[in-house]
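Asker: here's my sequence, what's the structure:
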Amino acid sequence: MVDAAKHEVKKYLKRERNKTLPEDADYWAFDCKFGNTAEDAQVVHVAELSNQIGEIEKQGLTSFYVEILARPAQRQQLDLDDDE
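Answerer: Numbers count the residues shown, from 1 in each chain. Modelled structure (predicted):
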């Protein structure tokens, strides 16, 4: 179950990343929540989803809640002005 869940998450992320971006966006950002239930779900970074699913296996649980919402985003410009 754990490997199948990880595979489904990766497949979903890949499918969303391949969608056409709006003109004002540079990439797809993902707002994610993970927990034992929807009520217990906490905000997590997309890169942590696989680790969180692995933790469920270690705890011996048979189900979990994951929410992944894709949103278009723009990269932030770094201000490289040196005052020297």
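
Asker: what mean pLDDT does stretch 61-73 have?
Answerer: Throughout stretch 61-73, pLDDT has a mean value of 93.

Asker: show me what counts as buried in it.
Answerer: For stretch 61-73, a neighbour-count test (16 or more other Cβ atoms under 10 Å) marks 64, 66, 70 as buried. For glycine as for every other residue, the C-beta is placed from the backbone atoms N, C-alpha and C.

Asker: which residue is nearest the middle of the chain?
Answerer: Nearest to the mean C-alpha position of the chain, counting by Cα atoms, centre = their mean, stands Val46 at 2.5 Å.

Asker: could I get the contacting residues of it?
Answerer: 13, 30, 32, 68 (Cβ atoms under 8 Å, 6 or more residues apart in numbering).

Asker: and the first one, how many neighbours?
Answerer: For Leu13, the neighbour count with other Cβ atoms under 10 Å is 17.

Asker: swap in the third one?
Answerer: By the measure other Cβ under 10 Å, the count of residues near Cys32 is 20.

Asker: same deal with the second one?
Answerer: Applying the criterion other Cβ under 10 Å, we find 19 residues in the vicinity of Phe30.
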